[in-house]
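Visitor: this is the structure alone, sequence omitted:
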């Protein structure tokens, strides 16, 4: 029990160190992080009115979680390659799992203000019912685990810091633009193609929950299974690569 509490405390401390403290001291990064989804929200609002606003808000929720998750590529690579923070933790009583999950928590903390904005706006528009809110929260939580795992695992493959930020930007674009995040899976030749990446599964679930699109029970079940599998695989990968 004491060991579990120690790991939990370490996760919170690292989350505060890499998430809350930078959020207060370097708020410009929060603005930079919100530029793309808010720009898309404005464009959709202009061209599609209230319906476009709803699509933009849902897309913003998913984009923000996914982009902050994969941004761990930059943070983890910087700590490992530049300031040797990860190497210092080798000699400290901090487990690799606590370190990696602490970094993942920091990405969620950094995303929290933008997520609160999108969720509040959707609530103002009357998009949430209790079941819809629960489904949305669960899908975003699984997406956070999945993308944070992708980000941390990818960071271990980076050998030069100059590539880290570029890779995270490319992955963010792929996860958000090529999957049904800002658009319905129904436009694909086969709706199940939208579940190839975790953002697609989250998109299908949230769009259906909030009434933006109506999907069959088979696709929804597959979306939940796909998203949960990605999250479980991410945890397994973190447990494997986060060793010292």
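Guide: On my side now, so go ahead. Not measured: the values here are computed from a predicted model. Numbers count the residues shown, from 1 in each chain.
Visitor: residue 178: neighbouring residues, count only.
Guide: 13 (other CB atoms under 10 Å). The way it works is simple: take the backbone N, C-alpha and C, and place the C-beta from them, glycine included.
Visitor: looks like it contacts residue 197 (just checking).
Guide: Yes - contact criterion CB atoms under 8 Å: residue 178 and residue 197 qualify, at 7.4 Å.
Visitor: now do the helices in this protein.
Guide: 2-15, 21-25, 27-70, 72-81, 85-90, 96-124, 130-155, 164-177, 198-209, 217-241 (DSSP state H).
Visitor: now the angle between helix 130-155 and the fourth one, please.
Guide: Here helix 72-81 runs at 40 degrees with respect to helix 130-155, directions being taken by axes from the mean of the first three to the mean of the last three CA atoms, to 10 degrees.
Visitor: and the pLDDT at the nearest residue to residue 59 once chain neighbours are set aside?
Guide: Once flanking residues are discounted, residue 59 sits nearest to residue 182: 3.9 Å by CB to CB, 6 or more residues apart in numbering. pLDDT, residue 182: 95.
Visitor: which residues does residue 182 contact?
Guide: Residues near residue 182 by CB atoms under 8 Å, 6 or more residues apart in numbering: 40, 44, 55, 56, 59, 63, 176.
Visitor: neighbour-wise, which one of these leads?
Guide: residue 63 leads these on contacts (other CB under 10 Å) with 29 neighbours.
Visitor: isn't that one right up against residue 36?
Guide: Yes - counting by CB under 8 Å, residue 36 is a contact partner of residue 63 at 7.0 Å.
Visitor: give me the low-pLDDT residue ranges for this structure?
Guide: Across the chain, the ranges flagged by pLDDT under 70 are 87, 89-91, 242-244.
Visitor: rerun at 90
Guide: Applying pLDDT under 90 to the chain picks out residues 1-36, 50, 68-69, 71-111, 149, 151-173, 176-177, 234-244.
Visitor: would you check which pair of the contacts of residue 182 lies furthest apart?
Guide: Greatest spatial distance in the contacts of residue 182: 44 and 176, 13.7 Å, computed using CB to CB.
Visitor: report the set of residues contacting both of those two.
Guide: By CB under 8 Å, 6+ apart, the residues touching both residue 44 and residue 176 are 59, 182.
Visitor: for the nearest residue to residue 56 once chain neighbours are set aside, what are its contacts?
Guide: Nearest residue to residue 56, sequence neighbours excluded (CB to CB, 6+ apart): residue 41, at 3.3 Å. Taking CB under 8 Å, 6+ apart, we find residue 41 in contact with 53, 56, 57, 59, 60.
Visitor: the closest residue to the first one other than its chain neighbours: how many residues sit nearby?
Guide: When you say that, I think you mean residue 53. Nearest residue to residue 53, sequence neighbours excluded (CB to CB, 6+ apart): residue 45, at 4.8 Å. Using other CB under 10 Å, residue 45 is surrounded by 17 other residues.
Visitor: no further queries at this time; thank you.
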